[in-house]
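Undergrad: With the input below, show me the fold.
(4 chains)
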Amino acid sequence: MDSAWLIPAFPFAGFLINGLWGRRLSKKRVGTVACGAMALAFLTALRLFWLLLQQAPDRRIWEPVYYTWIAVGEFSVRASFLLDPLSMVMVLVVTGVGLLIHIYSTGYMHDDPGYARYFAYLNLFACAMLLLVLAGNLLVLFVGWEGVGLCSYLLIGFWYEKRSASDAGKKAFIVNRIGDFGFLLAIFLTFWTFGTLQFSEIFQAAVQRFQPGDMVLTGITLLLFVGAVGKSAQLPLYVWLPDAMEGPTPVSALIHAATMVTAGVYMVARCSVLYALAPLSMGVVAAVGCATAVFAATIGLVQNDIKRVLAYSTVSQLGYMFLGCGVGAYVAGIFHLMTHAFFKALLFLGAGSVIHALGGEQDIRRMGGLRRWLPVTFWTFLAGSLAIAGIFPFAGFFSKDEILFETLMTGHGLLYTLALGGAALTAFYMFRLVFRTFFGESRMDPETAHHVHEAPGAMAVPLTILAVLSLVGGWVQVPILEDGKRFARFLSPVFESARGILAGTSEHGTHPSLWVEGALMGLSVMVALAGIGVAYRWYVADPQRPEKVAARFSRAYRWLLHKYYVDELYQAVVVEPLKRLAETVHEWVDRAVIDGAVDGAGALFRRAGAVLRRIQTGLVQHYALSVLAGVCLLILAALAV
Amino acid sequence: MVPLHYYLLVSALLFAIGVTGVLVRRNAIVIFMSIELMLNAANLSFVAFSRELQDLSGQLFVFFVMVVAAAEVTVGLAIIVTLHRNWKTIHVDAIRMLKG
Amino acid sequence: MENVFFPVLSAMVFTPLLGALLLVFVDRENRPLQRWVALVTMAVVFGFALIVYGGFDPARAGMQFEEWTPWIPALGISYHLGVDGISLLLVMLTAFLGPICVLACWRDIRDRVKEFLVCLLLLQTGMLGVFLALDLVLFYLFWEVMLIPMALLILVWGHPARRVYAAVKFFLYTMAGSVFMLVGILVLYFHQAKTTGTYSFDLTDFMALRLPFRLQLWLFAAFGVAFAIKVPMFPFHTWLPDAHTEAPTVGSVVLAAVLLKMGTYGFLRFNLPLFPEASVFFTPLMVALALAGIIYGAFMCLVQKDLKRLIAYSSVSHLGFVLLGLFTFTLQGLQGSLIQMINHGLSTGALFLLVGMLYERRHTRMIADFGGLSTPVPRLAVFFMIATLASIGLPGLNGFVGEFLILLGTFKVRPLWAALGATGVILAAWYMLWMVQRVFFGEVHKEENRSLLDLVPREVGLLVPLVACMVWIGVAPTGFLKKSEPAVDRVLARVQQVQQTAREKTQLKPECLVSWYPADRK
Amino acid sequence: MELFLFVTFSALTVGSAAAVVWHPHPVKSALFLILSFFSMGGLYLLLQAEFIALMQVLVYAGAVMVLFLFVIMLLNLKPRGEDRAAFKVRVRWAVPLVLFFVGGVLTAVTGALARLAPAGSHGPDWVAAQGGNIRALGRLLFTRGLLPFEVTSVLLLVAVVGVMVLAKKERR
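TA: As a prediction, this is how the structure comes out:
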């Protein structure tokens, strides 16, 4: 456990090597260094995982402390880690999926001139992300939090010469900053409430000192959630994530699907004790999550950019995770996080493979029939789609279904209905994507079609591995079966106290019969299949149908196509007024009033001088005369006294 | 023995004439001479007080005043010469470089 | 600990003067020698500073390395130098930037090199003197002395268009403020003479006084105006963008990195401990102005078209944070302010250096003239990015530590203030990244920019120490914070002692700014 | 007799001083000034200040005035340099002002004269014992006034150098 610091240290070393000397190394070396660093981190994580499993379940928590980072008076923050089952799951996901995406990138980015820079950023991201998930206190978590934000900024704007790319990077960073604003205030409030930022101490004190529903804890959790909303792209701060697709596709897979965007979910799960004590915040989390899940899914229905569809799907899936956390099903939330990491990374990498094959084309209207040219990509992509749609026995089925089930069981009927509708939408838009891309007639222009080629090995192998994981990843948590919920058992020590609190406040713990559970599962699968069926009818059986529907509901279609005009709204309501305000203030307050006052004072003296200078005649005798007159006045004064 | 205030009166008159000269004349040399008059007025009262107070320090002062006056005259006249060389006049009306 | 056998502080203060004297005798045409003389002098000064830093005892709150000699005994003026935790870091910063400044103007200044270096060295003496002087007359002397070389730097080596306006504005504005301080010093002096019978300008003597409340108010205002203009605090800030824009690179660096800190240093050194009750009384006003400065400065940055002006306005915003921290009267706030002064010196100093390097290559500072510079000058872009990130408070770099501590302290007092202050952090990200985007990203749309030369080793060499310090403070600030904690704690104790009584004394309660949450709940 | 002499000398002094200011011609002004200085020497004699009287004649009436005359001749000044009408107007303004000033000072001084008493130790007997005014003054000069005396020599030196620098024609 002392070697925990090695996990982020390896990628950091990779970052330094590639960042400082990458331009002078050959591409092969750069790739080896980057992937090697990730591989070493993954191996270290595996070893720690093994060590963790050796311990008794209630002793699976280590808190290595390295040094005192900031200490002022009673405020003291140590650079410390927290290793428990929750962070272990995250570390394994980050290093494992990260390693696969690194390998994929060696193929995908092979011809890019910024090869070394790319891998340096990617390693730095891995380092920051690992810092985030391993953090032993809120401030170290915040370091990772901002670090991943920075890397996201750098990688979205990786092709900085493209205006839209650098715009998107900037937007991502600033929107995240708005979330961080809440996070920072949450840290302050936490410190002045508990006198510490160390997770273990906070949670202990929270359980001992606070009753459920306490105002302070509600404040802390809501502020933390503001941070999570920013980082995990929930309503109303989701706007940066679709734009973030300007980055290279593996980046979208790693950062904007599998790892970074799930940081908010992780943080909420990490602070489960605090949330459990603040029912209001839980409600907000669940509501925001559910609303985002449906909202993003509707936008995803009509988008034509393959990556944007996936991006909205990510936003939507993150909503499901928050829904899970919000109803107290932390295990389900984290479980979905893990399976989502597998299948969404797979889908992005598959999309990347398609884009790579088509020489940069991202519009599904100019694809079609690619099944023939890209078999590996097709089959793996299909696996991912089935997983996200929630078809048994793929991973997504287990995790999404658990969230839905828990939602209903905790008495959130409305949220359940919405989420179920969202699941149908998910299945529809994913298979719309599959059918438009891989089925039907080819709509490529001949030049592109001529160059289509299947992904090279470096890309195909990660795709295959992830496809397998998307299939089997859910099997660690099988409902109904005896001994099926291994994942939950592994994580349970982490959420024990939160569950305890929740059990005390609500009707948790009432378990329905297996029949009900089975029936609900069936319903989920039915809904998903319905979504797929509609997609098949519209896009394979009757290709003219979508246009008719679009024409029929043209207004709704336009709203969806333009993403409800949210970006335009923000631009018009926030960005532009602020800019105009700044200009007005600069012109009127700074220039006219303040500087005017300063210059005015100067001008006043200058004008007074212009008048008074006439006294200075240059004739010494006048001066002598005034001296004499002065003396006479003094004499007069003396006489008067 | 002539009383002290007679001498003081003479001294005062001399000083008044000197001040008037400085104020009313425009010829730098005459202004200079008027300054000398003022210095001499001061000298006279020094010596008169010296006799009245029976203290020779007063005369000592006069001695020093004379030395300073001599030095001043030489420097002052040299300045006037230079002025005349540059401006072709020594009328202070004409030389008003200090005008603000 | 003070096992130094020579007056190291005097040596530090007057070595630049000696170097300037030496420079006078160097041949006018022999520019390399002139530069080397200046560089070696600055390096020696930094060496002395390191000696002081090494010998400094972090456990003691009082002055160390003190030197005291009567100067004009008849008036109670003495030559009194000393360093404590508050001044130590600022002295280190000043001495550290010295050699960097000389290196930075190595090729930038070609005209009247000797005079430029003499000015720079005199400036160094003045700045070190301000931080080290413990006698108020001596302090005032250094305070004013430092003005002259700075004004000359702008006036002689500035950009021809508006340099006279900028220099005069800078000079007169600062002067106008410090006149009030002079009056304040004299009032303090005579008040002391009247009440205790001792005639002395020594700070330690003044510290022993208990001033009546009304007098404190006036004195706080008198000192405060001088410092507020120097900081510069909103709305006294308009000299700063002009001075920065017109000054040569090194002038901007020194101005931003050290000169502005004198205002905040003055508040911490004089206003808080000498007039504690007045400080409490003025807190609402000062905090309001600090917050206004943070947000206002950030807003101004959004519309600037000139790189240097933008960074100048960002200084207004950043120093708003420092002031905010000072007037929280919490240990975290004060310590954060102190470290933030250093941080701002490093990051803004670096930014001005980089803009200077761009200017040297391209002879323009207009943002619109750049674009896509990452391609021709990747190394410069990397350093610029790091300095920007430090400036917007990315954790792991220095800026975060300061801003975090300040806002942490503020939150304890009034959560609303912290919330308002934190909006400055958002805006900072906006304007800085937008600026970076417009300068470095996108396509190269000006032909002149295509063939720009990337950083040469000399330039990399002078940026690397700055970046190293940014990372150092960001990752391990405890070493620095520990040095200043006792001294800051002592200042704080003086204020907190009277905080309660001062509040009762005043009709205008500090609570007049709304609070949405009672912070002292535990 | 003494009063008669005093009246004569003082009348001459004041009268010729007035003529200095009044006379439009600088040369004549200077000549009147010489006369004024001479008669002032007489006043000094009446005050038993023989040394000062000698110095007055030698230094002032002699050396200084010669210098004045030299300069006047050298510059070859025109007699009609000034506007006489304006001059007379100025005189009409200045005289009352000056008289008021001098009168004020004089009243102040004479008011204080009553409280004046001989305090020094240099009475006529002491002077006689020293062997006359010149010896007495000389002794005083080289004891009590030694440092100022030496300083005046430096002053004169400075004046000499200064005059040379000033009067020298600038090299073009």
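Undergrad: All the helices of chain B, residue numbers only.
TA: B:4-24, B:28-53, B:57-87 (DSSP state H).
Undergrad: Chain C contacts on the stretch 101-250 of chain A?
TA: Counting by Cβ under 8 Å from any Cβ of the partner chain, the residues of the stretch 101-250 of chain A close to chain C are A:139, A:142-143, A:145-147, A:150, A:153, A:157, A:160-163, A:165-167, A:169-170, A:173-174, A:177-178, A:180-181, A:184-185, A:187-189, A:191-193, A:195, A:216, A:219. The way it works is simple: take the backbone N, C-alpha and C, and place the C-beta from them, glycine included.
Undergrad: surely A:Ala498 meets A:Ala329?
TA: No. In this structure, A:Ala498 is not within contact of A:Ala329 by Cβ atoms under 8 Å, at 10.7 Å.
Undergrad: Of these two, give the one with the bigger neighbour count.
TA: Higher neighbour count among A:Ala498 and A:Ala329: A:Ala329, with 28 against 21, using other Cβ atoms under 10 Å in any protein chain shown.
Undergrad: which residue sits closest to the more buried one, ignoring its sequence neighbours?
TA: A:Glu406 (3.5 Å; Cβ to Cβ, 6 or more residues apart in numbering or on different chains).
Undergrad: again, but for A:Ala9
TA: A:Cys127 (7.7 Å).
Undergrad: can you tell me the average pLDDT over the helix or strand hosting that neighbour?
TA: Counting by DSSP states H and E, the element that carries A:Cys127 is helix A:115-134. Computed over helix A:115-134, the mean pLDDT rounds to 92.
Undergrad: outside of stretch C:45-61, which residues touch it?
TA: Around stretch C:45-61, the neighbours that count as contacts under Cβ atoms under 8 Å, 6 or more residues apart in numbering or on different chains are C:1-4, C:8-9, C:11-12, C:15-16, C:64-65, C:83-85, C:88, C:91-92, C:94-96, C:98-99, C:124, C:128, C:482-483, C:485-487, C:489-490.
Undergrad: Out of the residues you listed, name the ones that lie in helices.
TA: Per DSSP H, the contacts of stretch C:45-61 map to helices at C:8-9, C:11-12, C:15-16, C:85, C:88, C:91-92, C:94-96, C:98-99, C:124, C:128, C:482-483, C:485-487, C:489-490.
Undergrad: biggest helix in the chain by residues?
TA: No chain in the question, so chain A it is. Per DSSP H, chain A has its longest helix at helix A:163-194.
Undergrad: ah, I was thinking of chain C
TA: Counting residues, the longest helix found in chain C (DSSP H) is helix C:163-196.
Undergrad: Tell me the buried residues in it?
TA: Neighbour counts using 16 or more other Cβ atoms under 10 Å in any protein chain shown place C:163, C:165-174, C:177-178, C:180-182, C:184-185, C:188-189, C:191-192 of helix C:163-196 among the buried residues.
Undergrad: so which of the helices of chain B comes closest to chain A?
TA: helix B:4-24 (5.8 Å; Cβ to the nearest Cβ).
Undergrad: gap between stretch A:295-304 and the chain center?
TA: With Cα atoms, centre = their mean, to the nearest Å as the basis, stretch A:295-304 stands 19 Å off its chain's centre.
Undergrad: Name the residues that touch that stretch?
TA: Contacts for stretch A:295-304 (Cβ under 8 Å, 6+ apart): A:235, A:238, A:309, A:312-313, A:315-316, A:319, A:363-365, A:422, A:425-426, A:428-429, A:432, A:550, A:557, A:560-561, A:563-564.
Undergrad: Repeat that for stretch C:469-483.
TA: Here stretch C:469-483 has contacts from A:67-72, C:56, C:58, C:85, C:88-89, C:96, C:335, C:339, C:342-343, C:346-347, C:350, C:386-387, C:390, C:395-401, using Cβ under 8 Å, 6+ apart.
Undergrad: How far does it stretch from one end to the other?
TA: 16 Å (Cα to Cα, to the nearest Å).
Undergrad: sorry, back to before: show me the contacts of stretch A:295-304 that map onto helices.
TA: Filtering the contacts of stretch A:295-304 for helices - DSSP H - leaves A:309, A:312-313, A:315-316, A:319, A:422, A:425-426, A:428-429, A:432, A:550, A:557, A:560-561.
Undergrad: So stretch A:632-640, near chain B or not?
TA: No. Stretch A:632-640 lies apart from chain B when judged by Cβ under 8 Å from any Cβ; the minimum separation is 11.4 Å.
Undergrad: Can you give me the buried ones in that stretch?
TA: A:Ile635.
Undergrad: average pLDDT for that stretch?
TA: In the prediction, stretch A:632-640 has an average pLDDT of 86.
Undergrad: at contact distance from chain D, anything in that stretch?
TA: Yes. Legend: contact between stretch A:632-640 and chain D by Cβ under 8 Å from any Cβ is shown at A:Cys632, A:Ile635, A:Ala638, A:Leu639.
Undergrad: Tell me which of those residues fall in helices.
TA: Using DSSP H, the residues of stretch A:632-640 next to chain D in helices are A:Cys632, A:Ile635, A:Ala638, A:Leu639.
Undergrad: so what's the last one up against?
TA: Put plainly, it is A:Leu639. Residues near A:Leu639 by Cβ under 8 Å, 6+ apart: D:Gly104.
Undergrad: change it to 6 Å
TA: Under the criterion of Cβ atoms under 6 Å, 6 or more residues apart in numbering or on different chains, A:Leu639 has no neighbours.
Undergrad: ok, which stretches of chain A are strands?
TA: A:65-72, A:75-80 (DSSP state E).
Undergrad: Mind listing residues that contact the longest one?
TA: Same thing as strand A:65-72. Outside strand A:65-72, the residues that touch it by Cβ under 6 Å, 6+ apart are A:Val77, A:Arg78, A:Ala79, A:Ser80, C:Leu331, C:Gln332, C:Gln335, C:Pro477, C:Thr478, C:Leu481.
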